[in-house]
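Peer 1: curious how this folds, go ahead:
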Amino acid sequence: MSKLTKNQKLASGKIETGKAYTLKEASALVKEITYTKFDASVDIDVRLGVDPRKSNQMVRGVVTLPHGTGKVVRVLALCTPDKEAEAKEAGADYVGLDEYVDKIKGGWTDIDIIITMPSIMGKIGALGRILGPRGLMPNPKSGTVTNEIGTAVKEVKQGKIDFKVDKTGIVHSSVGKVSFSPEQITENAKEFVSTLIKLKPSAAKGTYLKSVYLTTTMSPGVKVDPKTVED
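Peer 2: Next up, the predicted model:
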């Protein structure tokens, strides 16, 4: 029997079948049941009472987590020369324009997010085939196409993330790392869910927060009582 299976058994044994935990309990438990050697990501999965196939029930938005995601986010600022110093000062990892457009055309995508300006979107449109499937295409809705390049870079570096509901009605996001304290995980999860509640489409009927789970890489999901997240 591999070591992992033994650990997975131990982990499953700590979760009561069918029990919905408070968010506070789940934030502590998810740390206890993670047996990875690396600092795993803590994720939240929220099933919403929406039909994402209908455009008036689409849920998408951005949120800045109070404690960030714990991930190192590599930012490329594609901007005009007059904005380069601003982007660098704000902490962008790569700053420039034509050389990076050419690198991306050649298949380079060693970044997590691209921030650019409206005047440059024409040049970036041609990169859609490469950036689109990797979720790297800048979008005004998520604040990644803006003339406020420095502000946008800072926000992303501090833990601003964008999310959207998938076709099965689930919104999935990282809310920290296993090394975070239970309080930090709880506060990040609450901020994320309260943002989802604010975005509730008026066309969505019935229960909006259908289920909430906290999981980490390789660990079983911990079921959370949605009421304890809303409070």
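
Peer 1: only C-alpha atoms from now on, for both contacts and neighbour counts.
Peer 2: Will do.

Peer 1: point out where this structure drops to low pLDDT.
Peer 2: Scanning the chain for pLDDT under 70 picks out 1-5, 7-12, 231.

Peer 1: longest helix of it?
Peer 2: helix 182-198 (DSSP state H).

Peer 1: and the next helix or strand after that helix, what's buried?
Peer 2: Following helix 182-198 in sequence order, the next helix or strand is strand 209-216 (DSSP states H and E). Residues Leu209, Ser211, Val212, Tyr213, Leu214, Thr215, Thr216 are the ones in strand 209-216 that count as buried (16 or more other Cα atoms under 10 Å).

Peer 1: state the pair within those residues that is farthest apart.
Peer 2: Within these, two members stand farthest from each other by Cα to Cα: Leu209 and Thr216, at 20.6 Å.

Peer 1: chain center to the longest helix of the chain: distance?
Peer 2: Put simply, helix 182-198 sits 12 Å off its chain's centre (Cα atoms, centre = their mean, to the nearest Å).

Peer 1: ok, now stretch 177-196?
Peer 2: Taking Cα atoms, centre = their mean, one finds stretch 177-196 lying 12 Å from the centre of the chain it belongs to.

Peer 1: list the contacts of Lys83.
Peer 2: Lys83 is in contact with Ile149, counting by Cα atoms under 8 Å, 6 or more residues apart in numbering.

Peer 1: which of the buried residues of strand 209-216 sits closest to Val178?
Peer 2: Nearest to Val178 among these is Thr216, at 7.8 Å by Cα to Cα.

Peer 1: which strands and helices sit next to the longest helix of the chain?
Peer 2: Secondary-structure packing of helix 182-198 (3 or more Cα pairs under 8 Å, 6 or more residues apart in numbering; DSSP states H and E): helix 23-32, strand 60-64, strand 170-177, helix 226-230.

Peer 1: list the contacts of the next helix or strand after the longest one.
Peer 2: Pointing back at helix 23-32 there. Later in the chain than helix 23-32, the nearest helix or strand by DSSP H and E is strand 41-48. Applying Cα under 8 Å, 6+ apart, the external contacts of strand 41-48 come out as 30, 169-178, 185, 189, 207-217.
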